[in-house]
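Engineer: what would the 3D arrangement of this be:
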Amino acid sequence: MRRTPIYYYSSSSALVRTFAENLDRPVLNLADRAVRQSQVDGPWVLLTPSYKTGNPSNDTIPEGVRRFLRDEVNRRAMVGVMGSGNRNFGTHYQLACRQIAARSGRPVLFEFELAGTPEDVAECRQIMADLDAALDRAHASVG
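Structural biologist: Below you'll find the model as predicted:
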């Protein structure tokens with residue numbers, strides 16, 4: 001069974017990277033230019049933080065995520081979105097994840113705060129395992 005990769009953006013704090021690397025599957029960091037400029041080869045999930053910019057007219061979506069999603073192949077193959085946030089950001093909490101999900105018509109699969117907890121990691125692993133199985137069934141019924 002194919003393990004759906006997670007493309008994530010992580011700043012220098014590495015909170016999102018730490019969470020992603022604990023999910024026991026392929027993960028690729030959109031902070032890496034080569035990854036940002038690549039195209040996916042099948043279904044994938046986006047994991048993005050939200051940032052409070054302090055300026056309500058500024059978007060909270062990281063530029064690396066925006067650039068990756070500009071590619072039509074990448075946008076179409078995305079099957080879900082996950083978000084990391086900080087509740088101290090108030091109305092900006094999980095805003096990037098929720099905006100991307102709404103704009104793309106893809107579901108929000110999971111949200112967590114900061115680097116998440118061990119329980120968050122376990123829950124997200126299960127969500128991703130269920131997604132892998134569903135994608136595998138859908139692929140088998142088409143082929």
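Engineer: would you point out which residue is most central in this protein?
Structural biologist: L47 (1.7 Å; C-alpha atoms, centre = their mean).
Engineer: assumed that residue was part of a helix.
Structural biologist: No - read with DSSP: H, G, I helix; E, B strand; the rest coil, L47 is strand and lies in no helix.
Engineer: leaving out chain neighbours, which residue sits closest to it?
Structural biologist: Nearest residue to L47 in three dimensions, chain neighbours excluded: Y8, at 3.8 Å (C-beta to C-beta, 6 or more residues apart in numbering). Using the backbone N, CA and C atoms, a C-beta is placed for each residue, glycine as well.
Engineer: what count of nearby residues applies to the one you found?
Structural biologist: For Y8, the neighbour count with other C-beta atoms under 10 Å is 27.
Engineer: go on, Q99?
Structural biologist: 17.
Engineer: can you map out the helices along this structure?
Structural biologist: Remark: helices assigned in the chain by DSSP state H are 15-21, 33-36, 63-69, 72-77, 95-104, 118-142.
Engineer: now for those, which one comes closest to E111?
Structural biologist: Each of the helices of the chain has some distance to E111 by C-beta to C-beta; the shortest is helix 95-104, at 6.3 Å.
Engineer: what residues sit buried inside that closest one?
Structural biologist: Buried positions in helix 95-104, judged by neighbour count with 16 or more other C-beta atoms under 10 Å: 95-101, 104.
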